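*Asks:* Dropping the sequence and predicted coords here.
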Amino acid sequence: MLLRFFLPIYRFLIRKIYNFKYRFQKFVLKKSYNVTHAIHEQNILFSHFKLDRNDGLNLINKVVTKLFKTSYQETKGMFSEHLVLFSSIAKNNKNIKNILEIGTYDGKTSLILSELFPTAQITTIDLPKNSKDFKNSYLRNFDSNAFVINRNKILKKSKRIKFIPCNSLELLNWKNNQFDFIWIDGAHSLPIITSDIINSIRLVKSKGWILIDDVFLDNRQINNIYESIGAKLTLDELSKSKTIKDFKLFKKRVGLEFSLPMVKKYIAVIKF
């Protein structure tokens, strides 16, 4: 009984503390943050891989306008620099024929990939719909059946998208060197993220690409499916061992509100 009484109060206080911390960090950073400089740094990272960010922005804007009747803006929903990276890579790499997406979610990224890479086969995996972890993550617990129906409608818009319901740990059994491009956006926590990265290194072809979503750099004591430093720890160890030689971290979004220490995250790009 006491727990039921105090839990809403606890949650209310946590939200208040979070909002205060967010506003304070935004106030402090606003004085020194230069979005033009942030974009310049992002452009340099794109250039490292011989990519053009402006070309990517133009292409992704056309694609999301065609598919979803909206323009690309990083403040809209799940839109972020990962889509700009996809588009930039698509402009310069016409030989990408097989793509793996780990973490289908609502199917929109799969559809975008099918539009950006018009000759590629997209294989996308996510947990089976009856899995407890599937139902209890990413706000699917309200009506997971409706979520699955809507997702499947989106996936069916392209005949080149193949959905496989499975735990990403099962990738251990998949044949080596299958994919030209792999997008890792499943559970971000240890040990799953380490498994996904290592399996992807085995599955990617020579001269292929691996991109990883939501890489956190700080030492916060958090390790859940949404926030974890697991990807960064894994990438650092793989780099030390020279298993991977060329990887960079891109800001996921470049705006001030996304660059605060408490919310800042990155996209990792590995080129083989």
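*Replies:* Yep, it's here.
*Asks:* Could you point out which residue ranges in the stretch 1-150 of the chain have low pLDDT?
*Replies:* Scanning the stretch 1-150 of the chain with the threshold set as pLDDT under 70 gives 1-12, 14, 18.
*Asks:* Help me confirm that Asp214 is found in a strand?
*Replies:* Yes: when the secondary structure is assigned by DSSP: H, G, I helix; E, B strand; the rest coil, Asp214 falls within a strand.
*Asks:* Just give the number of residues close to it.
*Replies:* Neighbour count of Asp214, defined by other C-beta atoms under 10 Å: 20. (Glycine included, C-beta is placed from N, CA and C.)
*Asks:* Contacts only, for it.
*Replies:* Asp214 makes contact with 185, 188, 226-227, 231, 252, 265-267 under the criterion C-beta atoms under 8 Å, 6 or more residues apart in numbering.
*Asks:* For the residues you listed, give me JSON lines that also has neighbour count and pLDDT.
*Replies:* Below are those laid out as JSON lines (neighbours: other C-beta atoms under 10 Å; pLDDT from 0 to 100):
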{"residue": "Asp185", "neighbour count": "21", "pLDDT": "97"}
{"residue": "His188", "neighbour count": "25", "pLDDT": "92"}
{"residue": "Tyr226", "neighbour count": "12", "pLDDT": "83"}
{"residue": "Glu227", "neighbour count": "16", "pLDDT": "86"}
{"residue": "Ala231", "neighbour count": "27", "pLDDT": "95"}
{"residue": "Lys252", "neighbour count": "19", "pLDDT": "98"}
{"residue": "Lys265", "neighbour count": "20", "pLDDT": "94"}
{"residue": "Tyr266", "neighbour count": "20", "pLDDT": "97"}
{"residue": "Ile267", "neighbour count": "25", "pLDDT": "98"}
